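Engineer: Let's see this in three dimensions:
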Amino acid sequence: MAFSMMVFLCATSLSAAETDIFPADFDGKDGGDWKVEGAAFGDGLDHARAEADSWNQFRGPNGSGVARACEPPATLDGSHVAWKTPVPPGLSSPVLAGNRLFLTAVENGRLVTLAFDTASGKLTWRREAPRVPVQKVHKINSPAASTPQVDDERVYVYFGSYGLLCYDHEGRRQWAKPIPTPRSLYGVATSPIGHGECLILVLDNDANLPGSRVSRSKILAVKKSTGETAWETPRPFHRSGWSTPMIWSHADGKDLVVLGSGRVSGYDPQTGAEKWFATGFSRETIAMPVSGSGHVYASAAMLGGVPDEQPDLQPFWDAVMQFDGNGDGQLQRSEMTGHFTFPFRPELPPGHPGYGMPLPEDKARRKGRLDGMFAGVDKDKNGFWTRDEFLASLSFRRAKPMLMAIRPGGKGDVTETHVTWQLHRNIPEIPSPVFYKDRLYLVRNGGGLAAVDATNGEVLYRERLGGRGQYSASPVVANDHLYLASNRGLVSVVKAGDAFQMVHQRDLGEPVFVTPAVDASTIYIRTETNLWALRTRD
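Structural biologist: Okay, the predicted model is just below:
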């Protein structure tokens with residue numbers, strides 16, 4: 001059988017033994033163990049909520065990524081740097097309340113919550129979570145990946161290794177709720193959201209219930225004041241996921257919308273009862289749903305981050321040709337050296353954790369794996385790969401890349417009844433879409449930006465930002481501009497609208513993996529080692 005390219009998400013790869021992805025077949029040896037919603041306002045926000053304008057959770061107001069009535073600078077040159085302060089490692093996004101900015105990190109082996117003064121960047125307090133074994137995560141993830149949620153009184157923090165912690169704004173702990181760590185392919189990344197008097201957390205899990213073949217996955221709602229459980233809803237057919245839920249307000253009421261493995265679902269946010277679901281998504285989902293124009297929109301790339309239903313195959317061959325030592329346009333087994341492996345994400349450099357198929361560290365097993373890989377593609381056994389031979393070995397399967405628009409009012413399976421349109425091109429792997437003025441904007445790996453008419457799914461443009469490699473941070477919108485940060489640290493500012501218009505670009509010189517936060521005059525960008533405040537001058 002041909003070598004099948006089965007690839008997965010989040011700039012990562014695991015063995016088939018750890019997933020429900022089937023390994024490729026090799027002819028060679030050692031095949032082994034691989035394995036009235038805000039539609040009237042046109043911005044998709046829930047205007048009834050008191051905290052609607054606050055950047056108080058992952059991706060800001062109701063997870064929309066849109067900062068209304070905010071005017072951060074559209075050019076991010078040095079004159080706009082208000083301050084820059086070192087921060088420990090972590091992948092949580094900053095959140096804001098009053099003159100405080102909050103985020104989480106891992107420092108000296110401890111899980112910590114940090115508060116900074118937004119005017120000066122000064123650290124105002126640091127609190128350590130109870131000492132627990134820190135969850136093992138993939139190299140591209142962090143044990144501090146979940147973004148806090150904050151309201152007028154408290155800060156709520158979730159660590160997959162521990163559970164929930166609640167502090168007041170001065171750092172005094174109010175309550176703690178230990179939660180068993182969900183088993184996850186890459187480590188926990190979902191974030192809590194607030195709704196009324198409750199904090200809501202999705203706990204999708206690869207572990208099964210005792211004596212069962214269904215999972216321990218569930219949604220948990222706790223009382224903000226005490227941490228006591230308000231309700232729980234099982235999700236027995238869902239496995240690990242990395243998406244954060246949102247509240248969709250529409251003419252028929254409110255739904256808690258949760259994107260998970262294979263489908264997106266709507267629940268009653270007061271009781272947790274499931275109301276509807278739609279299918280067609282991949283096994284692994286990361287992006288957060290958004291709403292607007294009378295719909296909710298959910299997206300997930302094909303496994304492996306593939307953005308298009310009919311992907312361009314040439315970049316995969318170009319990635320292989322990086323190892324063509326003698327320059328003959330073919331690949332011999334002796335040229336499979338260094339960081340060579342079968343490419344999954346050709347836009348990444350060889351050696352990156354998400355670049356390609358993971359190989360054993362043991363030299364003998366690694367050699368056997370490469371022998372099998374080579375033989376699986378070299379069908380005519382002439383001792384080298386040709387372009388045609390290699391491209392014929394590629395197979396993209398297991399769910400299309402998907403952006404789905406769902407209208408309200410459905411019950412049960414609404415896939416055939418309430419889905420207005422679907423799009424299968426330019427779908428991001430990690431970044432969430434952003435809805436703004438009846439348009440959806442999507443940024444994918446390789447720096448491809450697409451604008452989509454949210455009413456009908458028509459692609460208005462697809463343009464290159466010039467930021468190579470991967471994009472993990474979701475776009476944010478403020479002052480009629482999109483802010484887009486690549487993992488390598490290139491920040492692009494693009495004018496919102498039906499035509500592509502680049503306004504400004506700045507290379508911060510540091511990796512950026514998380515979504516920025518925005519207030520009235522400032523955009524806050526967390527890099528790998530620093531927190532930046534870029535502020536409009538008075």
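Engineer: any idea which helix or strand carries residue 537?
Structural biologist: Under the criterion DSSP states H and E, no helix or strand holds residue 537.
Engineer: Next up, phi/psi of it, please.
Structural biologist: Residue 537 adopts backbone torsions of phi -70, psi 140, taken as degrees, to the nearest 10.
Engineer: where in the protein is pLDDT low?
Structural biologist: 1-53, 397-398 (pLDDT under 70).
Engineer: From the centre of it outward, give me the first residue you hit.
Structural biologist: For the chain, the residue nearest the mean C-alpha position is residue 430 (3.3 Å; Cα atoms, centre = their mean).
Engineer: Could you measure from it over to residue 285?
Structural biologist: 10 Å (Cβ to Cβ, to the nearest Å). Bear in mind the C-beta positions are built from the backbone N, C-alpha and C, glycine included.
Engineer: just to revisit the earlier point, how far away is the closest residue to the residue nearest to the centre of the chain other than its chain neighbours from residue 145?
Structural biologist: When the adjacent residues along the chain are set aside, residue 430 lies closest to residue 472, with 4.6 Å between them (Cβ to Cβ, 6 or more residues apart in numbering). Separation of residue 472 from residue 145 (Cβ to Cβ): 11 Å.
Engineer: so how many other residues sit close to residue 281?
Structural biologist: Residues contacting residue 281 under the criterion other Cβ atoms under 10 Å number 26.
Engineer: swap that for residue 78, sorry
Structural biologist: Around residue 78 there are 7 residues (other Cβ under 10 Å).
Engineer: backbone phi and psi for it, please?
Structural biologist: The phi/psi pair for residue 78 (degrees, to the nearest 10) is phi -60, psi -30.
Engineer: on that earlier part again, compare residue 472 and residue 145 (neighbour count), which wins?
Structural biologist: residue 145 (26 against 22).
Engineer: pretty sure the more buried one belongs to a strand, no?
Structural biologist: No - counting by DSSP: H, G, I helix; E, B strand; the rest coil, residue 145 falls outside a strand, being coil.
Engineer: Now do the contacts for it.
Structural biologist: 90, 91, 92, 137, 160, 187, 188, 189 (Cβ atoms under 8 Å, 6 or more residues apart in numbering).
Engineer: Kindly indicate which of those lies nearest residue 104.
Structural biologist: residue 92 (4.4 Å; Cβ to Cβ).
Engineer: Neighbours of that closest one, how many?
Structural biologist: Neighbours of residue 92 (other Cβ under 10 Å): 26.
Engineer: Pretty sure it sits against residue 146.
Structural biologist: Yes - using Cβ atoms under 8 Å, residue 92 is in contact with residue 146, at 6.0 Å.
Engineer: For those two, list the residues in contact with both.
Structural biologist: Taking Cβ under 8 Å, 6+ apart as the criterion, residue 92 and residue 146 both touch 104, 191.
Engineer: Counting neighbours, which of the contacts of residue 145 end up buried?
Structural biologist: The neighbour count (16 or more other Cβ atoms under 10 Å) marks 90, 91, 92, 137, 160, 187, 188, 189 as buried among the contacts of residue 145.
Engineer: ok, which stretches of the stretch 301-450 of the chain are strands?
Structural biologist: Using DSSP state E, counting those that start in this stretch, the strands found in the stretch 301-450 of the chain span residues 331-332, 384-385, 402-406, 412-413, 419-423, 434-436, 439-444, 448-453.
Engineer: Highest mean neighbour count out of these?
Structural biologist: Per residue and on average, the most neighbours among those fall to strand 434-436, with a mean of 28 (mean count of other Cβ atoms under 10 Å).
Engineer: Given it, what are its sheet partners and their directions?
Structural biologist: strand 439-444 (antiparallel) (DSSP bridges).
Engineer: And the contacts of the partner strand?
Structural biologist: 290, 297, 299, 301, 307, 403, 426-429, 431, 433-434, 449-454, 460, 465, 471, 475, 477, 482, 484, 496-498.
Engineer: Export only the CA atoms of it, formatted as CSV.
Structural biologist: Provided in CSV are the C-alpha atoms of strand 439-444 (Å, rounded to 0.1, in the frame of the first residue of the first chain):
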residue,chain,number,x,y,z
ARG,A,439,-16.7,39.6,7.7
LEU,A,440,-14.7,36.7,9.1
TYR,A,441,-10.9,36.8,9.0
LEU,A,442,-8.7,33.7,9.2
VAL,A,443,-4.9,33.4,9.4
ARG,A,444,-3.2,30.1,8.8
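Engineer: How far off centre is it?
Structural biologist: Here the centre of strand 439-444 is set off from its chain's centre by 14 Å, with Cα atoms, centre = their mean, to the nearest Å.
Engineer: Same check on stretch 369-384?
Structural biologist: 35 Å.
Engineer: Flag every buried residue along it.
Structural biologist: 369, 370, 371, 372, 373, 374, 375, 376, 377, 378, 384.
Engineer: go on, stretch 139-150?
Structural biologist: Applying 16+ other Cβ under 10 Å to stretch 139-150 flags 140, 141, 142, 143, 144, 145, 146, 147, 148, 149, 150 as buried.
Engineer: Can you tell me which of these is nearest residue 318?
Structural biologist: Nearest to residue 318 out of the buried residues of stretch 139-150 is residue 140 (Cβ to Cβ; 22.7 Å).
Engineer: isn't the closest one right next to residue 345, touching?
Structural biologist: No - contact criterion Cβ under 8 Å: residue 140 and residue 345 do not qualify, at 11.1 Å.
Engineer: For stretch 268-277, which outside residues touch it?
Structural biologist: Residues contacting stretch 268-277 (Cβ under 8 Å, 6+ apart): 195-196, 198, 200, 219, 221, 231-233, 247, 254-256, 263-267, 410-415, 418.
Engineer: show me what contacts residue 498?
Structural biologist: By Cβ under 8 Å, 6+ apart, the contact set of residue 498 is 439, 451, 460, 461.
Engineer: so how far is residue 85 from the residue nearest to residue 430?
Structural biologist: Residue 472 is 22 Å from residue 85, by Cβ to Cβ.
Engineer: Residue 435 now?
Structural biologist: For residue 435, the distance to residue 85 equals 32 Å [Cβ to Cβ].
Engineer: what's the answer for residue 319, then?
Structural biologist: 38 Å.
Engineer: which of those two has more neighbours?
Structural biologist: residue 319 (22 against 14).
Engineer: Verify the contact between the more buried one and residue 342 for me.
Structural biologist: No - between residue 319 and residue 342 there is no contact under Cβ under 8 Å: 9.3 Å.
Engineer: what is in contact with these two at once?
Structural biologist: With Cβ under 8 Å, 6+ apart as the test, residue 319 and residue 342 both reach residue 356.
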